[in-house]
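> Predicted coordinates and the sequence they were generated for:
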Amino acid sequence: MADPIFEDSRLVAIYDSFDGERRDLVHYIELIKELGSRSVIDVGCGTGCLSTLMAREDLEVVGIDPAKASLDFARTKPFSDKVRWICGDVDALQSSLSADLAVMTGNVAQVFLSDDSWLRTLFCLRSALAKHGHLVFEVRDPSKKAWLNWNRDDTFQRINVPRIGWVQGWCEVISVTDQLVQFKWSYLFESSNNLVSSLSTLRFRERIEIEKSLWESGFEVKEVRDAPDRPGQEFVFVAKVAESE
């Protein structure tokens, strides 16, 4: 089940505005070209920023996400008609699908809170990739404790969203338990004085855990890169289908 921030139409309508300039997407386009991929599965595609950008590059794109409201919004964007949209998790991918690359941008790889759900996702993606296929995703380095800056003072924004008006938004951490960080985004729509909140949880796995899970699900870690948009804060995993498979 998707978090309200991705499923509530009021929050979906302002999501891109508060998400800001997605400089990381340029990096993904460059990486896709570097790997020579022509068909891509965008896992957790959300409002379709990367999916439509890839479609503009004449790539064959499947955008998959469990949040219908986000996909409905994605379908309104230029080049969205060139994307195959699927509402659901990776279990919804057809067995006949064979893509060159699967990507998980932003915090997508961290929304799988249990080991079982994470491994199931990796196994499903392995099955959906061609023999020469790659998996690319990013996660935050837990040692940097990014959540320490998730407070109202550091995250507050007031944005004039087109067709909606002025909206205030901020984040607050609710709890930190082992590897799980629960936090809440709140948005105040000034025109109606309506406050809408969304509760989310991310898991901050250690790099060695992720490498082990990739090996167990049929991948080889080709490289772990730094994130150009958050230098020193994230790991960008570039994995390939294991040759023994």
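Good, I have the coordinates.
> what about the strands in this structure?
Secondary structure of the chain (DSSP state E): strands at 39-43, 60-65, 83-87, 99-104, 129-140, 157-161, 165-177, 180-189, 194-203, 219-225, 234-241.
> With distance to Cys49 added, can I get these in JSON lines?
Heads up, the C-betas are built off the backbone N, CA and C, glycines and all. As requested, the strands of the chain are exported to JSON lines (distance: least, Cβ to Cβ, whole Å):
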{"stretch": "strand 39-43", "distance to Cys49": "9"}
{"stretch": "strand 60-65", "distance to Cys49": "10"}
{"stretch": "strand 83-87", "distance to Cys49": "11"}
{"stretch": "strand 99-104", "distance to Cys49": "12"}
{"stretch": "strand 129-140", "distance to Cys49": "15"}
{"stretch": "strand 157-161", "distance to Cys49": "16"}
{"stretch": "strand 165-177", "distance to Cys49": "18"}
{"stretch": "strand 180-189", "distance to Cys49": "18"}
{"stretch": "strand 194-203", "distance to Cys49": "18"}
{"stretch": "strand 219-225", "distance to Cys49": "21"}
{"stretch": "strand 234-241", "distance to Cys49": "17"}
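> who wins for proximity to Thr52 among these?
Of all the strands of the chain, strand 83-87 sits nearest to Thr52, with 6.4 Å by Cβ to Cβ.
> Check which residues of the closest one are buried.
For strand 83-87, burial by neighbour count (16 or more other Cβ atoms under 10 Å) applies to Val83, Trp85, Ile86, Cys87.
> ditto for stretch 143-157
Buried, per 16+ other Cβ under 10 Å, within stretch 143-157: Trp147, Trp150, Thr155.
> May I see those residues organised as CSV, with distance to Val62 and pLDDT added?
Output for these, formatted as CSV (distance: Cβ to Cβ, whole Å; pLDDT from 0 to 100):
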residue, distance to Val62, pLDDT
Trp147, 32, 97
Trp150, 31, 97
Thr155, 32, 97
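> any idea which of those is closest to Arg140?
Distance ranking of the buried residues of stretch 143-157 against Arg140, using Cβ to Cβ, places Trp147 first at 8.8 Å.
> Name the nearest residue to that closest one, ignoring sequence neighbours.
Distances taken as Cβ to Cβ, 6 or more residues apart in numbering place Val181 nearest to Trp147, at 4.7 Å, with adjacent residues excluded.
> How many neighbouring residues does that neighbour have?
22 (other Cβ atoms under 10 Å).
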